[in-house]
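In: Sharing a model that was predicted from the sequence below.
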Amino acid sequence: MSESLPTRVVPLEAGAGPENPPCPACGEPLFGWLERQLDLAGPISRCESCGLGVVGEGDPGEALHTLDRLSSERGIRIGNRASYACALGSAGWAGIEPGARYLFTVEAVRRLVARRDQVVSSARWAPLAGLAATWQTLLNSVTFGHNVALAAFGRARSVPADAPWKRFIDGLASIVLAIPALAIALPVELAGGLFRRGAVIKLRLELL
C-alpha cells in the first residue's frame, strides 16, 4: 500500500515582498486580484487573510479614514467584498465604484478598528441594499457601462459606456433584463444573507 506525502503548508508571510505589500488591516501580504478597473488609481489587490481589497498601495490610516466617511448615525454600511455577489461578479461587482480605494469585509473592519481600541459590536445583513447590489452586479455582466441601473435611481456612481450607441444598448438591456436578473439575484442574495455572505452589511462599532 502506497503512502501519500504530506501536503506542504506555506504560510502567507512567504509571499511578502515588494510586489505583495502588507495588508493595511492585518499585515498579511496582498496578492493581485484585478487589473485596473473603471477610473481607479491602479490594479486591485486582495488579502487572503481578512479579505480586504486595496486599489494601488494601501495605508492603515487612510483605510480608517475611508471607513469613517462611511459612518452615519445608523452605523457603517459597507459593500462586502466577501459576498457571494462579489465572488459571482468579480470585475463586474457593483461594489467597485469610481474613485474606490478600499473594498471592505467585516473581518477587515474588525482588524482595522482594533488599531484604535474599537470592536465591531454588531454586523447585520442589509437585505434590500444587498439585493440591489447583487441585481446590479448581474446587469453589469451584460452592459458596456458599470452600475448604470442603480445610478439611474441615484443609488450608485456609474461609469457610462464611451459611445452613445453603447449607452443606448445599456439602457435597453437594463430594462429588458431587469426582471430576469432579479429572479437570479434573489436566491443568490438570500443564500448570502443566510451564510453571512450578503452583499451589503451594516456595522456598529464600540470602544473597548
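Out: It's in.

In: so how far is the helix or strand of the chain with the lowest mean pLDDT from its chain's centroid?
Out: Here the helix or strand of the chain ranked lowest by mean pLDDT, DSSP states H and E is strand 71-72, holding a mean of 88. Distance of strand 71-72 from the chain centroid (C-alpha atoms, centre = their mean, to the nearest Å) equals 18 Å.

In: Check the average confidence over the very next helix or strand once past it, would you?
Out: Following strand 71-72 in sequence order, the next helix or strand is strand 75-79 (DSSP states H and E). Mean pLDDT, strand 75-79: 95.

In: Name the single longest helix found in this structure.
Out: The single longest helix within the chain, with elements called by DSSP state H, is helix 178-194.

In: what stretches of the protein score poorly on pLDDT?
Out: Across the chain, the ranges flagged by pLDDT under 70 are 1-18.

In: need the contact list for the residue positioned nearest the centre of the chain.
Out: What sits nearest the mean C-alpha location of the chain, by C-alpha atoms, centre = their mean, is Arg81, with 2.9 Å. Shown in contact with Arg81 (C-beta atoms under 8 Å, 6 or more residues apart in numbering): Arg46, Gly51, Leu52, Gly53, Trp93, Gly95, Leu103, Phe104, Thr105, Ala108. In this view, the C-beta of every residue, glycine as well, is placed from N, C-alpha and C.

In: Nearest residue to the second one in space, ignoring adjacent ones along the chain?
Out: The one in question is Gly51. Using C-beta to C-beta, 6 or more residues apart in numbering and skipping residues adjacent in sequence, the residue nearest Gly51 is Thr105, 3.6 Å away.

In: I figured that neighbour was touching Asn80, is that so?
Out: Yes. Thr105 lies in contact with Asn80 (C-beta atoms under 8 Å); the separation is 6.1 Å.

In: out of these two, which sits in the busier spot?
Out: Between Thr105 and Asn80, counted using other C-beta atoms under 10 Å, the more crowded position is Asn80 (30 against 24).

In: And Ile78, how close does it get to Val113?
Out: According to C-beta to C-beta, to the nearest Å, Ile78 stands 12 Å off from Val113.

In: packing partners for the least confident helix or strand of the chain?
Out: Using 3 or more C-beta pairs under 8 Å, 6 or more residues apart in numbering; DSSP states H and E as the contact test, no helix or strand touches strand 71-72.

In: That strand pairs with which strands, parallel or anti?
Out: Strand 71-72 has the following strand partners under DSSP bridges: strand 75-79 (antiparallel).

In: helix or strand right after the strand it pairs with?
Out: Moving toward the C-terminus from strand 75-79, the first helix or strand encountered (DSSP H and E) is helix 84-89.

In: Which neighbouring elements make contact with the helix or strand just after that next one?
Out: Counting by DSSP H and E, the next helix or strand C-terminal to helix 84-89 is strand 102-103. Here strand 102-103 touches strand 53-55, helix 60-69, going by 3+ C-beta pairs under 8 Å, 6+ apart.
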